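> Sequence plus predicted model, see below.
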Amino acid sequence: MAELTLSWYCIYVKSRHEFKVSERLSKLGIEVFLPAVEKLRKWKDRKKLVKFPLFPGYLFVNIEKSYELILRVLKTPGVVCFIKNALGEPEPVPEEQIIPLKKAIENKVEIDPYPYLKEGQKVRIKSGALQGVTGILKSKEKKHYLILAIDILQRSVSVRIDASEVELV
């Protein structure tokens with residue numbers, strides 16, 4: 001029989017169950033990676049450092065692609081499903097994407113969620129002087145620009161922006 005190799009897979013879990021599911025899977029002997037960050041939360045009477053999942057609703061498991069292990073993960077209370085490919089099979093996450101994230105978390109590097117944006121997507125400015133303005137995201141020489149178009153004139157202008165100030169429309 002061929003030796004099965006471990007691969008990382010992303011699983012979707014019930015809302016606000018990330019830490020519980022991570023603990024349950026660990027108790028089953030499954031390697032789990034739940035990227036989480038600590039943020040200072042303020043209430044009227046106090047402040048406290050609270051741990052939040054970096055990707056709410058998702059965590060990663062490092063397992064062999066076997067029916068038994070996939071089923072064991074799926075039967076864990078709080079697990080909804082594996083993230084699948086077009087064929088409906090669990091989609092492996094490249095280790096080159098997991099390792100840098102693990103290193104950043106382990107070394108307590110300051111991490112903030114960043115919108116997953118692709119050039120050509122329609123975006124909206126979240127803050128600053130152009131708040132609420134929408135346009136097309138463009139990258140040029142490691143800088144980001146918002147393309148503002150006047151369709152009737154078939155003309156556009158570009159405005160340099162900080163990519164962290166935009167969100168998908």
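It's in.

> Not counting sequence-adjacent ones, nearest residue to the spatially most central residue of the chain?
Residue closest to the average C-alpha location in the chain (Cα atoms, centre = their mean): residue 55, at 4.4 Å. Distances taken as Cβ to Cβ, 6 or more residues apart in numbering place residue 35 nearest to residue 55, at 6.3 Å, with adjacent residues excluded. Heads up, the C-betas are built off the backbone N, CA and C, glycines and all.

> Likewise for residue 162?
Per Cβ to Cβ, 6+ apart, closest to residue 162 is residue 144, 7.1 Å.

> Residue ranges in the protein under the pLDDT threshold?
Within the chain, the stretches with pLDDT under 70 are 1-4, 112-116, 150-155.

> who's in contact with residue 5?
Residues in contact with residue 5 (Cβ atoms under 8 Å, 6 or more residues apart in numbering) are residue 64.

> mind listing what's buried in stretch 61-75?
Neighbour counts over stretch 61-75 (16 or more other Cβ atoms under 10 Å) mark 61, 63, 69, 70, 72, 73 as buried.

> Would you mind measuring from the second one to residue 57?
By that I understand residue 63. Taking Cβ to Cβ, to the nearest Å as the measure, residue 63 falls 19 Å from residue 57.

> what's the helix ranked longest in the chain packed up against?
In the chain, assigned by DSSP state H, the helix with the most residues is helix 95-106. Counting contacts by 3 or more Cβ pairs under 8 Å, 6 or more residues apart in numbering; DSSP states H and E, helix 95-106 packs against strand 6-13, strand 31-33.

> Name the next helix or strand downstream of that helix, please.
Sequence order places strand 122-125 as the next helix or strand after helix 95-106, per DSSP states H and E.

> Number of residues surrounding the residue lying closest to residue 122 once chain neighbours are set aside?
Nearest residue to residue 122 in three dimensions, chain neighbours excluded: residue 169, at 4.6 Å (Cβ to Cβ, 6+ apart). For residue 169, the neighbour count with other Cβ atoms under 10 Å is 10.
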